[in-house]
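Trainee: Sequence first, then the predicted structure, then my questions.
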Amino acid sequence: MGSNNAVGSIAQDEGIEEEENLKLLDSSRFAHVLGRFMVLASVVVFSSPTVQKQFSVYSKAANYSVAVVERNGIDYLGLLELLEPLGTITTRQNGDHWKLRYNDVESEFVMGQTRTRIRGNDLNLPASFLLENGRGLVPVLGLGTLLPQILGGPITLNLFGRRLFIGDVAIHFTAVVVKTEPPKLVINFGNPVNPMIATEPGKLEMVFTHDPVVAPGSQTLTFDSKAIPSATFEESNGMAKLMVTTTVPAMASFSNDGRTITLTPASTPALPAHAPPQAPPAVPATLPPVVASREPGTPVRQHVFAVIDPAHGGDERGAALTSQLQEKDVTLAFARHLRELFGVRGLSAWLERDGDLTLSLDQRAAMSNASGAAIYIAVHATSEGNGVRLYTALMPSGGPNQGWFLDWDTAQTAFEELSQITVASVATELESKRLSVRKLSAPLRPLNNVVTAAFAIEIGPESDDISQLSAPEYQDGVAEAVVSGVADVRDQLEAHRK
Amino acid sequence: MIPRHLIIAVVVLGIMALGMSVYVWRMRGRVARTEASTPTTQPVARPAAGPSEQVTLYVAYDEGGTLRPQAARIPLPSGRQERAEELLRALVDIYLGKSSPHVLGTGSEIRGVYLADPGLAVIDLNAAFANGHRSGVLVEELTLASLVATLSANIPAITQVKILVDGKERESLAGHVDLTAFYDVSRVNQLVTQLTAEP
């Protein structure tokens, strides 16, 4: 009995234990599920993209953007950052009082107060002035009141778009569909523009970050064309966007020194696979073809073999090689030589700029990456030292890749070895021509952002005669060796194409 | 006969004129002495406290485009950050000297070096350093490699370097070498190896 009791007791104990285990199991499952839910929720919450608020200023002195900060749900701007590029500015803090002198205009602000004094007149801000570590913050909503007083002239402020125009700087445009076969959309701007161009199926988007482009009469433009039926213009977060709706793949090209952008259906053979040698055209660069949409089974794009990037250009002249000779001109001339010689070998080559254009480093990398080229070659020139230098990317510290998305700063990583193989081949060719050459790595953007084999060439004179840099025979000799070296590793380059 | 009060007035005026002349003369001398003794406002080298120590400076040579390790004895303070600053100032002094092997623009200075854990060094150059720097890939990377190599060779545990100009991020040093990035010392040391090899 006793033993039965004992067994029964043990059985009962086991039952209780099992029940407790089940409870424990349930609670651990619950905790596990809760944990996973919280991880998922935190991923959703924290990974949602946060767009930095920007406020853009367009003036005759400079076009620039200033970061907008939010305090108590109100958008604020640093007044010093806003005015600094426009004139001489000094600030002085005395306790809660913050004095700002812009050219000859005195302004006084008090921390936590809406009342301010400019040119001896009292003004009221829509929200309190804030002082953070000596930095004076004013509400964005108050700029329409403040700035005419401080700047001493009228301004045009687009609060919704966060864009400020000082003086007569706005760039207007017209857009017309020319009914050729195929039809094309010609957009003419009052001044040169330099938008970022992106495509999605069914639309082509131009984003103007530093161009004071303003809306035409209507925000929506409609065209009598099935291929390009409409375009819409919108301004937000310090930028202007022109979105063109297309029903066929379209590509954009620049002309008229950046004053005209033409959209044509991508079926037009813009980049023949084997471009014949041609004389350097006088018009600026054509952007690489970007495919907006495609029929199933049709090729994505016609790949160019080499993208050649003549460094600098436009406002950015590069090194002053002599009082007459600028780096940007030498790089362009040399890049044209390279293109011609690639063409002779039946390899298509495309210049990122074929005129005196300003391109940002990000734009240069993006254009190369969009082209799907097998090799990217940046061209530089110098009067310091002699001979030719070949550079591959010195990779900076970067973040991790996120799935299909590569870290921008270290995007070149997978192509480092191929880039070095190419440079070694080019160096061998240069040495065979008895030209002095040096192989180095360099922290030189955008080499590290390019997702194909990439190197930069810096051409110096062979002797102390700097005029040699612009001499066609010297450029031809170097260009022949470069093209020959690249062509020697063509198979490897083609095998690694995106 | 000249009236007596007129004579007295002329004599008094004469004495006053003489007195004023003497006063003005003395004041002029004092102003000249004050101007002569006004202290110079030009920056002078900050005295570094501490015993002299042997360090290795990586000096850039434009002739040949190389970097050469060079032993030097410089007074170094005890603080890690101050030592870093003095090291780079000693390097810049070489570049600003008469027989500079790698000329920097007049007024080039190291504003400060900030060391942060784990292993990050932020070098803050002044605007004259960047604005007056010669433009070119090699000439700019010689400067960058020289600064980073000198710092990492003498201050242990620096693994990353960031360069600012006047406390702000700048796109490039003089149109070529990227200053927006953080550089791993190990990567820069590979470049240093390339640059210390004779071309």
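Mentor: Received the coordinates, thanks.

Trainee: what's the residue of the stretch 201-350 of chain A found nearest chain B sitting at in phi/psi?
Mentor: Across the stretch 201-350 of chain A, the shortest distance to chain B (C-beta to the nearest C-beta) belongs to A:A319, at 3.7 Å. Where you see a C-beta, it was placed from the backbone N, CA and C, and this is true even at glycine. Dihedral pair for A:A319: phi -70, psi 140, per degrees, to the nearest 10.

Trainee: can you give me the mean pLDDT across the top helix by length along chain B?
Mentor: Looking across chain B with DSSP state H, the single longest helix is helix B:4-37. Confidence over helix B:4-37 (mean pLDDT, whole number) is 87.

Trainee: in it, what counts as buried?
Mentor: Within helix B:4-37, not a single residue qualifies as buried, counting by 16 or more other C-beta atoms under 10 Å in any protein chain shown.

Trainee: And the contacts of stretch A:98-116?
Mentor: Identification of contacts with stretch A:98-116 by C-beta atoms under 8 Å, 6 or more residues apart in numbering or on different chains yields A:79-80, A:83, A:86-93, A:96-97, A:117-120, A:122-131, A:136, A:138, A:146, A:149-152.

Trainee: May I see the PyMOL selection of the buried members of those?
Mentor: A single PyMOL command selects the buried members of those (16+ other C-beta under 10 Å):
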select buried, chain A and resi 79+80+83+86+89+91+93+118+125+127+128+129+130+131+136+138+146+150+151
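
Trainee: so of the contacts of stretch A:98-116, which ones are in strands?
Mentor: Residues from the contacts of stretch A:98-116 lying in strands, with DSSP state E as the criterion: A:89-93, A:97, A:117-118, A:122-124, A:130-131, A:136, A:138.

Trainee: Tell me which helix or strand whichever residue of the stretch 251-400 of chain A sits closest to chain B sits in.
Mentor: Shortest the stretch 251-400 of chain A-to-chain B distance, computed as C-beta to the nearest C-beta: residue-wise this is A:P396, at 3.2 Å. Secondary structure from DSSP states H and E places A:P396 outside every helix and strand.

Trainee: and the closest residue in space to B:E169 that isn't next to it in sequence, helix, strand or coil?
Mentor: Sequence neighbours aside, B:T180 is the residue nearest to B:E169 in space, at 6.0 Å (criterion: C-beta to C-beta, 6 or more residues apart in numbering or on different chains). Classification of B:T180 into helix, strand or coil gives coil, according to DSSP: H, G, I helix; E, B strand; the rest coil.

Trainee: ok, how many other residues are close to B:T180?
Mentor: Neighbour count for B:T180, taken as other C-beta atoms under 10 Å in any protein chain shown: 15.

Trainee: Would you agree it is in contact with B:E171?
Mentor: Yes: the criterion here is C-beta atoms under 8 Å, and B:T180 meets it with B:E171 at 6.0 Å.

Trainee: For the residue of the stretch 201-350 of chain A closest to chain B, give its distance to B:G29.
Mentor: A:A319 sits at a distance of 54 Å from B:G29 (criterion: C-beta to C-beta, to the nearest Å).

Trainee: residue contacts, A:T262?
Mentor: The contact partners of A:T262, taken as C-beta under 8 Å, 6+ apart, are A:184-187, A:252-253, A:255.

Trainee: can you confirm it is in a strand?
Mentor: Yes: the assignment for A:T262, made by three-state DSSP, places it in a strand.

Trainee: Look up which residues are beta-bridged to A:L137.
Mentor: Beta-bridge pairing of A:L137 under DSSP bridges involves A:G78, A:L130.

Trainee: What degree of burial does whatever residue of chain B ends up closest to chain A show, as a neighbour count?
Mentor: Closest residue of chain B to chain A, C-beta to the nearest C-beta: B:A181 (3.2 Å). Burial of B:A181 is recorded as 22 neighbouring residues (other C-beta under 10 Å).

Trainee: Setting the sequence-adjacent residues aside, check what's closest to it.
Mentor: For B:A181, ignoring the flanking residues on the chain, the nearest one in space by C-beta to C-beta, 6+ apart is A:P396 at 3.2 Å.

Trainee: B:E140 versus the one you found, what's the distance?
Mentor: If you measure A:P396 against B:E140 using C-beta to C-beta, the figure is 15 Å.

Trainee: who's more crowded, the two?
Mentor: B:E140 (26 against 20).

Trainee: partner residues bridging the closest residue to the more buried one other than its chain neighbours?
Mentor: Take B:E140 and drop its neighbours on the chain: the residue closest to it by C-beta to C-beta, 6+ apart is B:V177, 3.8 Å away. Going by DSSP bridges, B:V177 is paired in beta bridges with A:L444.

Trainee: Now do B:V177 against A:L125, distance only.
Mentor: Going from B:V177 to A:L125 by C-beta to C-beta gives 43 Å.

Trainee: Quick check: which element contains the residue nearest the centre of chain A?
Mentor: Nearest to the centroid of the C-alpha atoms of chain A, with distances taken as C-alpha atoms, centre = their mean, sits A:D362, at 3.7 Å. Secondary structure from DSSP H and E places A:D362 in helix A:361-371.

Trainee: Show me what that helix packs onto, helices and strands only.
Mentor: Judged by 3 or more C-beta pairs under 8 Å, 6 or more residues apart in numbering or on different chains; DSSP states H and E, the packing partners of helix A:361-371 are strand A:306-310.

Trainee: Please pull up the helix or strand immediately following the strand it packs on.
Mentor: Using DSSP H and E, the helix or strand that directly follows strand A:306-310 along the chain is helix A:327-344.

Trainee: Pull the distance from that next one to the chain's centre.
Mentor: Its chain's C-alpha centre lies 24 Å from the corresponding centre of helix A:327-344 when counted by C-alpha atoms, centre = their mean, to the nearest Å.

Trainee: Identify each buried residue in it, please.
Mentor: A:327-343.

Trainee: filter those by proximity to chain B?
Mentor: Counting by C-beta under 8 Å from any C-beta of the partner chain, the subset of those that neighbours chain B consists of A:E327.

Trainee: Now do the same contact list for the residue nearest to B:E169.
Mentor: Under the criterion of C-beta under 8 Å, 6+ apart, the neighbours of B:T180 are A:445, B:169-171.

Trainee: Format those residues as CSV; extra columns: distance to B:P69.
Mentor: Shown next, in CSV, are those (distance: C-beta to C-beta, whole Å):
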residue, distance to B:P69
A:R445, 28
B:E169, 30
B:R170, 28
B:E171, 30
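
Trainee: And A:G372, how far from A:P201?
Mentor: The gap separating A:G372 from A:P201 is 18 Å, by C-beta to C-beta.

Trainee: Between these two, tell me which one has more neighbours.
Mentor: For A:G372 against A:P201, the residue with the higher neighbour count under other C-beta under 10 Å is A:G372, and the figures read 18 against 10.

Trainee: So, low pLDDT: which residues of chain B?
Mentor: Applying pLDDT under 70 to the predicted model, the residue ranges of chain B that meet it are B:1, B:34-49, B:199.

Trainee: So which residue is smack in the middle of it?
Mentor: When chain B is reduced to its mean C-alpha position, the nearest residue by C-alpha atoms, centre = their mean turns out to be B:E109, at 3.2 Å.

Trainee: tell me the contacts of residue 53?
Mentor: With no chain named, the answer covers chain A. A:67-70, A:75, A:162, A:237.

Trainee: You answered for a different chain; I wanted chain B.
Mentor: For B:E53, the contacting residues are B:73-76, taking C-beta under 8 Å, 6+ apart as the criterion.
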